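Chemist: coords please:
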Amino acid sequence: MNERDGSLHAQHEQIDRMIVEVVDAGRRHRWPEYRRLFGALREGITQHMAFEEEVVFPSLEPRAPAPIGALREQHAQLRRQLEMLGAAAPELDPDGCVAELHELAALLIRHHAAEVALDPHYATRPTPPLRMDEEPPIDLRGLQPPEPIVRIFQELERNPGTPLRVILPHEPLPLYGLLQERGYAYSGAPRADGGFEVLIERA
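Modeler: So this is what the prediction gives:
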């Protein structure tokens, strides 16, 4: 199987390979590459969990509420680990970050095994492809105001013609007027992980 066969099992294989690449970049102290790859990994896992929570879990929950509850708790644990890794400074503790990535991989393996045991169709259940090969959105949820807005306009200044995707803790209503004043269009939607993603483009 590979990521092109459109199955949840293939998505897990794709995520596993990306973890190996992130770990390798961390071990080699290639921090820009590490951050880029980790951003893609985080986005891929988020997409994968969103599909399971919106499509897979509701179909299985009526006959297996307790196991699905355990899987949902594992999703919450995965989000906590991703949040912690995203907030870490890998240059200051590369060994710690690599150890956390190994822990993340181990949790994903246990999670996948539990899903396969519960759902006989898991390996072949059709899914949309993961968007891990495109530039991941910039996650600004950990910043205090007005830092997210400052970062957004700095990025737009650096790359004025390039669409920008950002993740914020909630819908940024005050941002919209500032974008319109500067000639930008925007669209956004809530994310399955609790944030709000906005796409910003030249109007």
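Chemist: any chance you could map the strands in the protein?
Modeler: 138-139, 164-168, 184-190, 196-202 (DSSP state E).
Chemist: closest to Leu41 out of these?
Modeler: In terms of Cβ to Cβ, the element of the strands of the chain nearest to Leu41 is strand 138-139, at 12.3 Å. In this view, the C-beta of every residue, glycine as well, is placed from N, C-alpha and C.
Chemist: contact partners of that closest one?
Modeler: Strand 138-139 is contacted from outside by Gly39, Arg42, Gly86, Arg151, Glu155, Leu164, Arg165, Val166, Ile167, Gly195, using Cβ atoms under 8 Å, 6 or more residues apart in numbering.
Chemist: Sheet partners, orientation included, of it?
Modeler: Take DSSP bridges as the rule and strand 138-139 pairs in its sheet with strand 164-168 (parallel).
Chemist: quick one, the strand it pairs with and strand 196-202 angle?
Modeler: Orientation check (axes from the mean of the first three to the mean of the last three Cα atoms, to 10 degrees): strand 164-168 against strand 196-202 gives 150 degrees.
Chemist: now do the same end-to-end measure for stretch 111-129.
Modeler: With Cα to Cα, to the nearest Å as the measure, stretch 111-129 spans 20 Å from end to end.
Chemist: Would you mark the buried spots in it?
Modeler: His111, His112, Ala114, Glu115, Leu118, Asp119, Tyr122, Ala123, Arg125, Thr127 (16 or more other Cβ atoms under 10 Å).
Chemist: Give the rounded mean pLDDT of that stretch.
Modeler: Per-residue pLDDT over stretch 111-129 has a mean of 83.
Chemist: before we move on, what about stretch 86-105?
Modeler: On average, stretch 86-105 scores 90.
Chemist: what residue lies at the spatial centre of the chain?
Modeler: Among the residues of the chain, the one closest to the centroid is Glu43, at 2.4 Å (Cα atoms, centre = their mean).
Chemist: how near is the nearest residue to it once chain neighbours are set aside to Ala113?
Modeler: The shortest distance from Glu43 to any residue other than its chain neighbours is 4.2 Å, reached at Pro136 (Cβ to Cβ, 6 or more residues apart in numbering). Distance, Pro136 to Ala113, by Cβ to Cβ, to the nearest Å: 27 Å.
Chemist: repeat for Leu71
Modeler: For Leu71 relative to Ala113 (Cβ to Cβ), the value is 11 Å.
Chemist: do the same with Pro58
Modeler: Where Ala113 is concerned, Pro58 sits at a distance of 21 Å (Cβ to Cβ).
Chemist: Show the end-to-end separation of stretch 137-157, please.
Modeler: 17 Å.
Chemist: Show the pLDDT at the residue of the chain positioned farthest from its centre.
Modeler: What lies farthest from the middle of the chain is Glu181; by Cα atoms, centre = their mean that is 30.6 Å. Per-residue confidence for Glu181 comes out at a pLDDT of 94.
Chemist: try the one 5 residues further on
Modeler: pLDDT, the model's per-residue confidence, is 92 for Tyr186.
Chemist: check contacts around it.
Modeler: Leu175, Tyr176, Leu179, Val198, Leu199, Ile200, Glu201.
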